[in-house]
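Enquirer: quick one: sequence plus predicted model below, questions after.
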Amino acid sequence: MPQLAVDGAELTYDDEGPRDAGTAPLVFLHGWTADRHRWDHQMAHFAPHRRVIRLDLRGHGESSGTGARTIEDLARDVIALLDHLGVGRFVPVGHSMGGMTAQTLALAHPGRVERLVLVNSLGRMTYSRARGLLMAASTRVPFKLFVAANIRRAFAPGHPRHEVREYIRASAATPREVVMTLYSAMRAFDVLDRAGEIRVPTLMVHGYHDIQLPVRQMLRLAKDYEDAEIRVLDAGHELPVEKPAELTAVLDRFLDRPPARA
């Protein structure tokens, strides 16, 4: 497994598929406390005919390192990896926190982002008073209970319990400093007022049962995008693993869509 040293971290990544496919590489970005294997289904589908890159963000999965205190920090890591790989234009596909990172990339490097895909993501974290109090209280419980509570509620009702337990176990292995620092980074993330600056074709896919980042928050973001396609699937917050085939099919159709005429 290849790794790249970036600013005190060793980033583990996969780079698969043909280099001469004539299409911009897909760059898959996972969410908070997750890892690059959230995208196994999509990697297997696209790699035979398109270059696909995914990484474990610093401190997650098989990547080491701390120090990412903002979503911009994560975006800089991604650009460092793509520069190392000689990638110019690309299509970021981001889930949750990865979608926040993808939007940050689109705003900071508009000439390099060809299309954009946001999965269960948003432009600004907003809470009702009741939910804000609940989330604040959850940070005061023991760390493993905090992680377990957040991961458990990320899945739609009825998802197999043994799978949920496995994702809780994997998430709890993420270093506490990484988990809590990036939790704060997500709460501070806000590009909602800049959404109109993103002019590339954008796919927004959300789970109808997502209570972590409710679908209305995605719709609030979508209204300001110049070219947004919206799809809502019968899932919770963990769409890449709850409905992997359906998500892949939606992504496939979006990538095959010809660009809109100016």
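Expert: Structure received.
Enquirer: just give the nearest non-adjacent residue to residue 183, would you?
Expert: residue 32 (7.0 Å; C-beta to C-beta, 6 or more residues apart in numbering). To be clear about C-beta, it is placed using only N, CA and C from the backbone, and glycine gets the same treatment.
Enquirer: what's the local residue count around that neighbour?
Expert: Look at residue 32: counted by other C-beta atoms under 10 Å, it has 24 neighbours.
Enquirer: how much space is there between it and residue 20?
Expert: Using C-beta to C-beta, to the nearest Å, residue 32 is found at 35 Å from residue 20.
Enquirer: just the buried residues of stretch 181-193, please?
Expert: Neighbour-count burial for stretch 181-193, counted by 16 or more other C-beta atoms under 10 Å, picks out 181-183, 185-186, 189, 191-192.
Enquirer: could you do stretch 199-218 as well?
Expert: Those would be 201-207, 209-210, 212-215, 217-218, for stretch 199-218 by 16+ other C-beta under 10 Å.
Enquirer: just those residues: which are in helices?
Expert: 215, 217-218 (DSSP state H).
Enquirer: just checking: what are the partner strands of the longest strand anywhere in the chain?
Expert: For the chain, the longest strand by residue count, based on DSSP state E, is strand 9-16. With DSSP bridges as the test, strand 9-16 is paired with strand 3-6 (antiparallel), strand 52-55 (antiparallel).
Enquirer: for the ones in helices among the buried residues of stretch 199-218, give me JSON lines that also has distance to residue 235.
Expert: Converted to JSON lines, those look like this (distance: C-beta to C-beta, whole Å):
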{"residue": "215", "distance to residue 235": "11"}
{"residue": "217", "distance to residue 235": "16"}
{"residue": "218", "distance to residue 235": "13"}
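Enquirer: just those now: which is nearest residue 177?
Expert: Checking these against residue 177 with C-beta to C-beta, the nearest one is residue 217 at 27.1 Å.
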